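Participant: Give me the fold of what follows.
(chains A and B)
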There are 2 protein chains.
Amino acid sequence: MTVTVSAPSEARPPALARTGDLVLPALRSAVAHLDDTSRSQVSYHLGWTDLDGNAVPGAGGKGIRPTLAVLSALAGGGPAEQGVPGAVAVELVHNFSLLHDDLMDGDTERRHRRTVWAVWGAPSAILAGDALLALAQEVLLDAASPHRGDAARLLAQATRALVRGQVLDLAFERRDDVTVAECLDMAAGKTGALLSASAAIGAVLAGAPASVVDALRTFGAELGLAFQLVDDVLGIWGDPAVTGKPVFSDLRARKKSLPVAHVLAGGGVAGRELAAWLADRGDADEASQRRIAELVEAAGGREWASAEATRRLAVAERALDPARLTPGPLGELVAVARYVVAREV
Amino acid sequence: MTVTVSAPSEARPPALARTGDLVLPALRSAVAHLDDTSRSQVSYHLGWTDLDGNAVPGAGGKGIRPTLAVLSALAGGGPAEQGVPGAVAVELVHNFSLLHDDLMDGDTERRHRRTVWAVWGAPSAILAGDALLALAQEVLLDAASPHRGDAARLLAQATRALVRGQVLDLAFERRDDVTVAECLDMAAGKTGALLSASAAIGAVLAGAPASVVDALRTFGAELGLAFQLVDDVLGIWGDPAVTGKPVFSDLRARKKSLPVAHVLAGGGVAGRELAAWLADRGDADEASQRRIAELVEAAGGREWASAEATRRLAVAERALDPARLTPGPLGELVAVARYVVAREV
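Facilitator: Residues are numbered from 1 along each chain as shown, chains lettered A, B, ... in the order given. Next comes the predicted model:
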């Protein structure tokens, strides 16, 4: 049985590099406004500098969220530039959540580098995250668009939904009985809320009609669930060389991810064995992680999660139909969504 | 030598109770929007419920910041109600900072009650704080005022200045040589920024002219410095029965508060003895705290801080002159400012 996953099957959409080049100067300019201490920690966290503060060549801002925000402005009938404050703001909120989550989860590494709290201590990660959250709102409220207030409200709502998702995630760690619906609800907050806001914020800034904004929000929310399903598959069966995480990483802390919740819900011999294993406290050793990965795969958890990701992607794409977007932005939004989901399923 | 301070010398201004009654329902309604977990933790933190979730009778929202925000709307020519979303937002940001600061400072008690992180753990305090910060922006951006975006930008700027103040505060803990100017800069962020925003946000929501908003901002910023000077005097010489903190509490962790920085800057025998004591690491015992409190007082640190607080209060009041406010709101703003500074100097 194969337990690692192969390389991405979709080519990297050109929109990612193009919007990265557009957004990066604005992101750098926003980060330059931070106090000296937070700025150097955030620059390190973003991969722009090493621990000594030296610039890292080729470091980017080519994330999915800023790309969705810029494409969203185009989809809303505005120029790409109108989406840039939204792109910067969602990237700042995303990194606020990474700084706080790494601390709360006790993760000492991210993308093969030590995390901010592991290097500078917990207060630094808390304060740098707090500063990014406030800065995200400032960037949006300084935008030239007359719709900046609506964009800022969308982002604040998404931030609170994101926090709610993290609250649920932590609560699930202390429970043995998490349903698939609860897992999806948590993922809708933790991953879906900010992707939904990213996919709509540019259109809001461009003053697009509510029907377009709503279609983009639904597209982003469904894409977020697909994204999380893929992440959860990678969290068990991903290749450490590709993911940058240890093999079976989600099983180490007995995480109730979506494939696990699916098998749990199915009951039977596999469900009961899985439930007993989850009820055990403490870190699992690698042999037991491998056994559980095989058990979840044999019981259909992996296949279900992959199929559900594909289904959610289709739902996301169909959600765009009523918006009647022009072919250019529509094609690019779909290409980015397919790339994200095809990452490595 | 007396080292405790007597009761407040100014009567409680009626505006505090009146605005508390106006703001509390809106604050409760905002907090009701939080996820279940954060809501119960925040309700406890605000003193509305006990640890079992039972309502605490008479628990209020009678803070200085919401009162300033409501008076600021009146000063800006609007009705008091126009200041309410601003009042709720500044109170939420204030409590975001308390939740995170208690965790970072390792404080297990606030106002004779256990702190949120001490009861529910660090992640709860981080997430409840994050949720309050996002909620503050939502409340403002949901306001009916056409100037809500400007108010939200003012609050985001103040939040970032507040975070910067806390970054400096933590950095000072690891240094032996903090100047009075650096201490004042830190206080301008940690205390001044949000009081400044509180004093101006109602006027912004009411659409007051820039001259009025600027005068109120300066008033609040100077009041913030006066407030911090008083707090620092209380942090060394305050009566535990009044402050709710241990005697000499700021000396326990060898904090470089303003009276301490003043004596340090003066040099001489007292300055050198103080510098040597500050350079020592680890908690100070009560005998050495008492000795240092007497040393700082004998060297004029207490008298200077009290006089400087009074001077800053006068600067704050004079800052209002160019705004030509109507006598009612002007009188109430001044009464609240004097009450804050007279608290217990």
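Participant: list the buried ones in stretch A:114-131?
Facilitator: Residues of stretch A:114-131 classed as buried: A:115-118, A:120, A:122-131 (neighbour count, 16 or more other Cβ atoms under 10 Å in any protein chain shown). Placement of C-beta: from N, CA and C, glycine included.
Participant: Which ones among the residues you listed lie within helices?
Facilitator: Per DSSP state H, helices hold the following members of these: A:116-118, A:120, A:122-131.
Participant: ok, which of those also contact chain B?
Facilitator: Among these, the ones lying near chain B by Cβ under 8 Å from any Cβ of the partner chain are A:122-123, A:126-127, A:129-131.
Participant: can you give me the end-to-end distance of stretch A:249-257?
Facilitator: Taking Cα to Cα, to the nearest Å as the measure, stretch A:249-257 stretches 11 Å from start to finish.
Participant: ok, and does that stretch reach over to chain B?
Facilitator: No: shown here: stretch A:249-257 not in contact with chain B (Cβ under 8 Å from any Cβ), separated by at least 14.0 Å.
Participant: Show me the contact partners of that stretch.
Facilitator: With contact meaning Cβ atoms under 8 Å, 6 or more residues apart in numbering or on different chains, stretch A:249-257 is reached by A:172-173, A:175, A:178, A:183, A:232, A:235-236, A:238, A:243, A:246, A:260, A:264, A:277-278, A:280, A:283-284, A:289, A:292-293.
Participant: what's the answer for stretch A:185-195, then?
Facilitator: Contacts with stretch A:185-195, where a contact means Cβ under 8 Å, 6+ apart, come from A:64-65, A:68, A:90, A:93-94, A:97, A:157-159, A:161-166, A:168-169, A:172, A:220-225, A:227-229, A:231, A:258.
Participant: Mark which of those residues are buried, thanks.
Facilitator: Buried members of those, scored by 16+ other Cβ under 10 Å, are A:64-65, A:68, A:90, A:93-94, A:97, A:157-159, A:161-166, A:168-169, A:172, A:220-225, A:227-229, A:231, A:258.
Participant: which one of the ones next to chain B among the ones in helices among the buried residues of stretch A:114-131 sits closest to A:Ala335?
Facilitator: Distances from A:Ala335 to these, taken as Cβ to Cβ, are shortest for A:Gly129 (31.7 Å).
Participant: hmm, back to that, filter the contacts of stretch A:249-257 to the buried ones?
Facilitator: By neighbour count, with 16+ other Cβ under 10 Å, the contacts of stretch A:249-257 hold A:172, A:178, A:183, A:232, A:235-236, A:238, A:243, A:260, A:264, A:277-278, A:284, A:289, A:292-293 as buried.
Participant: so of the residues you listed, which ones are in helices?
Facilitator: If you go by DSSP H, these have A:172, A:183, A:232, A:235-236, A:243, A:260, A:264, A:277-278, A:289, A:292-293 in helices.
Participant: Pull the most distant pair out of those.
Facilitator: It's A:Thr243 and A:Leu264 that sit farthest apart of these, by Cβ to Cβ, at 23.4 Å.
Participant: returning to what we had before: save the ones next to chain B among the ones in helices among the buried residues of stretch A:114-131 as a markdown table, and put in pLDDT too.
Facilitator: A markdown table is the format used below for these (pLDDT from 0 to 100):
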| residue | pLDDT |
| --- | --- |
| A:Ala122 | 97 |
| A:Pro123 | 97 |
| A:Ile126 | 98 |
| A:Leu127 | 98 |
| A:Gly129 | 98 |
| A:Asp130 | 98 |
| A:Ala131 | 98 |
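Participant: Looking at those residues, which is nearest B:Gly78?
Facilitator: Among these, A:Asp130 lies closest to B:Gly78 (Cβ to Cβ), at 30.4 Å.
Participant: Would you mind naming what in the stretch 101-250 of chain A lies close to chain B?
Facilitator: By the criterion of Cβ under 8 Å from any Cβ, the positions of the stretch 101-250 of chain A lying close to chain B are A:103-104, A:122-123, A:126-127, A:129-131, A:133-135, A:137-138, A:141-142, A:148-150, A:152-153, A:156-157, A:159-160, A:163-164, A:166-168, A:170-171.
Participant: Give me the subset of the buried ones among the contacts of stretch A:185-195 lying in helices.
Facilitator: If you go by DSSP H, the buried ones among the contacts of stretch A:185-195 have A:64-65, A:68, A:90, A:93-94, A:97, A:157-159, A:161-166, A:168-169, A:172, A:220-225, A:227-229, A:231, A:258 in helices.
Participant: Distance of the residue of chain A positioned farthest from its centre relative to chain B?
Facilitator: Distance from the C-alpha centroid of chain A, by Cα atoms, centre = their mean, peaks at A:Val269 (33.5 Å). Distance, A:Val269 to chain B, using Cβ to the nearest Cβ, to the nearest Å: 35 Å.
Participant: That residue: which element?
Facilitator: Using DSSP states H and E, A:Val269 sits within helix A:268-279.
Participant: Which secondary structure elements does that helix sit against?
Facilitator: Secondary-structure packing of helix A:268-279 (3 or more Cβ pairs under 8 Å, 6 or more residues apart in numbering or on different chains; DSSP states H and E): helix A:258-266, helix A:286-298.
Participant: how far out from the middle of the chain is that helix?
Facilitator: Distance, stretch centre to chain centre, for helix A:268-279: 29 Å (Cα atoms, centre = their mean, to the nearest Å).
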